[in-house]
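**Q** Pasting a predicted model and its sequence here:
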2 protein chains.
Amino acid sequence: MQIAIVLYEGFTALDAIGPYQTLSPLPDAETVFVAENPGPVSDDSGTLTVVAKKALTEVPRPDLVVVPGGPPENVGRQMRNEAMLGWLRAADATSTWTTSVCTGSLLLAAAGLLTGRRATTHWLSLESLKEFGAEPTGERVVFAGKYVTAAGVSSGIDMGLTLAGRIAGGTYAQGIQLMTEYDPQPPYDAGSPEKAPAELVAKFRNGG
Amino acid sequence: MQIAIVLYEGFTALDAIGPYQTLSPLPDAETVFVAENPGPVSDDSGTLTVVAKKALTEVPRPDLVVVPGGPPENVGRQMRNEAMLGWLRAADATSTWTTSVCTGSLLLAAAGLLTGRRATTHWLSLESLKEFGAEPTGERVVFAGKYVTAAGVSSGIDMGLTLAGRIAGGTYAQGIQLMTEYDPQPPYDAGSPEKAPAELVAKFRNGG
């Protein structure tokens, strides 16, 4: 099983690494970080640089596609990038699973892959997802046939584990959870707009 | 505030990226990925390559040090690497916070920084931590003065948020939690040896 994790300038680090850490241990999985061009790709703060090992064109038929998100302007550039959109459509034509984390679903939607499907994204981008034809939900991990979308940033860990269970069974996925010691104990309970203080939610809705 | 995230061949990706995603948004933080030599550094599976922007020697006095873990053999190589140990000791002499995720604490312990201190590590390495003079606990995030250690892999997210709260206050940390949508919903409850099926725990204790 080939897993392609798509990189582009300005992606959000944990969006890519959460699914990577939980999916790459699957049996017989070959994971590859891909980008339009192979070589260094910087994240949204420019602090982290990850090396894309292969060009999109070198990985035409992955079994599992993971598209991380990033700040809207960075994802927006890819939503107008025909090389990216064309690859996503072609890869999706033969993929077993097409997935995204955070605003990565906007890219899938822009490629026409989420039209009429239930999907999710970062809580600040749910309206944009609707504009691109998907049916946004507030759930953390959304399965719509082979399309799996996760909410903001850290939700890719939950998506990866859930998908690992579908692919290799619950016991295998629990092994991944145990070895990554994923027994979350956040010090606050502010991880969603429903739970966070209203002033904070308003602040970020108004641009941070 | 300068944050140094230490890379070495065979580190575990999420160990480094969890704290990165939660600490780098701190006010006036400058985060830098460092390694013995600048340039590409591969993770424990060889799939992910991250670029270290600076050599350890170029970042002698970070305010906050983060040491990710990796499989015991990879961490073990660094525990015998005098360049790494010497840098950790010198950086710790002036740091405000010295932290680790997973087996990164073994490296801090090998540098002599955790002697007699409460600390934690990946659940499979608690005994090793004891051998190097620390007092292991089963807690997920352990504060012992300025030394902050986290349990396995994903616990670095909880450590990062907890530390962000100590540094910038609870409201700021809640903002980071909200923007990373860290509202964990694991599909299983197998994230610690106390919670996972006993057969699975036994299997990994016997080498996986």
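**A** Sure thing, it's come through. Numbers count the residues shown, from 1 in each chain, chains lettered A, B, ... in the order given.

**Q** A:Leu114 and A:Leu7, how far apart?
**A** For A:Leu114, the distance to A:Leu7 equals 21 Å [C-beta to C-beta, to the nearest Å]. Glycine gets a C-beta too; all of them are placed from N, C-alpha and C.

**Q** Next: A:Ser42.
**A** 9 Å.

**Q** Show me which of those two is the more surrounded one.
**A** Neighbours per residue, other C-beta atoms under 10 Å in any protein chain shown: of A:Ser42 and A:Leu7, the larger number sits with A:Leu7, 26 against 16.

**Q** residues contacting A:Ser105?
**A** When contacts are counted by C-beta atoms under 8 Å, 6 or more residues apart in numbering or on different chains, A:Ser105 touches A:67, A:69, A:114, A:119-121, A:129, A:134, A:149.

**Q** Secondary structure element holding it?
**A** Per DSSP states H and E, A:Ser105 falls inside helix A:104-110.

**Q** Give the partner strands of the next helix or strand along the chain from that helix in its sheet and their orientations.
**A** Note on helix A:104-110: by DSSP H and E, the next helix or strand toward the C-terminus is strand A:118-119. Strand A:118-119 has the following strand partners under DSSP bridges: strand A:135-136 (parallel).

**Q** Check the offset of the strand it pairs with from the chain's centre.
**A** Here the centre of strand A:135-136 is set off from its chain's centre by 16 Å, with C-alpha atoms, centre = their mean, to the nearest Å.

**Q** which of the residues in stretch A:77-89 are buried?
**A** A:78-79, A:81, A:84-85, A:87-88 (16 or more other C-beta atoms under 10 Å in any protein chain shown).

**Q** Columns distance to A:Val141 and pLDDT on top of those, output as a markdown table?
**A** Compiled in a markdown table, the buried residues of stretch A:77-89 are given as follows (distance: C-beta to C-beta, whole Å; pLDDT from 0 to 100):
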| residue | distance to A:Val141 | pLDDT |
| --- | --- | --- |
| A:Gln78 | 22 | 98 |
| A:Met79 | 23 | 98 |
| A:Asn81 | 27 | 98 |
| A:Met84 | 24 | 98 |
| A:Leu85 | 24 | 98 |
| A:Trp87 | 24 | 98 |
| A:Leu88 | 20 | 98 |
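
**Q** Put together TSV for those, with secondary structure on each row.
**A** Listed next are the buried residues of stretch A:77-89 as TSV, based on DSSP: H, G, I helix; E, B strand; the rest coil:
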residue	secondary structure
A:Gln78	helix
A:Met79	helix
A:Asn81	coil
A:Met84	helix
A:Leu85	helix
A:Trp87	helix
A:Leu88	helix
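
**Q** Can you pick out the most distant pair from those?
**A** Among the buried residues of stretch A:77-89, the pair separated by the greatest distance (C-beta to C-beta) is A:Met79 and A:Trp87, at 13.3 Å.

**Q** what touches both of these two?
**A** Among the neighbours of A:Met79, none is also in contact with A:Trp87 (C-beta under 8 Å, 6+ apart).

**Q** Could you look up the next helix or strand downstream of the host helix or strand of A:Pro19?
**A** Taking DSSP H and E as the definition, A:Pro19 sits inside helix A:13-23. Downstream of helix A:13-23, the next assigned helix or strand under DSSP H and E is strand A:30-35.

**Q** in its sheet, what does that next one sit against?
**A** strand A:2-6 (parallel), strand A:54-55 (parallel).

**Q** What lies in contact with the shortest one?
**A** Okay, so that is strand A:54-55. A:32-38.

**Q** of those residues, buried ones?
**A** Using 16+ other C-beta under 10 Å as the burial test, these include A:32-36, A:38 as buried.

**Q** hey, which of the strands paired with strand A:30-35 is tucked in deepest?
**A** Mean neighbour count (mean count of other C-beta atoms under 10 Å in any protein chain shown) peaks for strand A:2-6 among these, with a mean of 24.

**Q** Could you pull out the strands in chain A for me?
**A** A:2-6, A:30-35, A:39-42, A:49-52, A:54-55, A:64-67, A:97-101, A:118-119, A:135-136, A:141-144, A:147-150 (DSSP state E).

**Q** any idea how far the second one is from the chain center?
**A** Strand A:30-35 has its C-alpha centroid displaced from the chain centroid by 14 Å (C-alpha atoms, centre = their mean).

**Q** got it, and the fourth one?
**A** A distance of 17 Å separates the centroid of the chain from that of strand A:49-52, by C-alpha atoms, centre = their mean.

**Q** Send me it as PDB with only the CA atoms.
**A** The C-alpha trace of strand A:49-52 is given here as PDB (Å, rounded to 0.1, in the frame of the first residue of the first chain):
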ATOM      1  CA  THR A  49      11.500  22.500   6.200                       C
ATOM      2  CA  VAL A  50      10.500  19.000   5.100                       C
ATOM      3  CA  VAL A  51      12.100  17.300   2.000                       C
ATOM      4  CA  ALA A  52       9.600  16.100  -0.600                       C
END
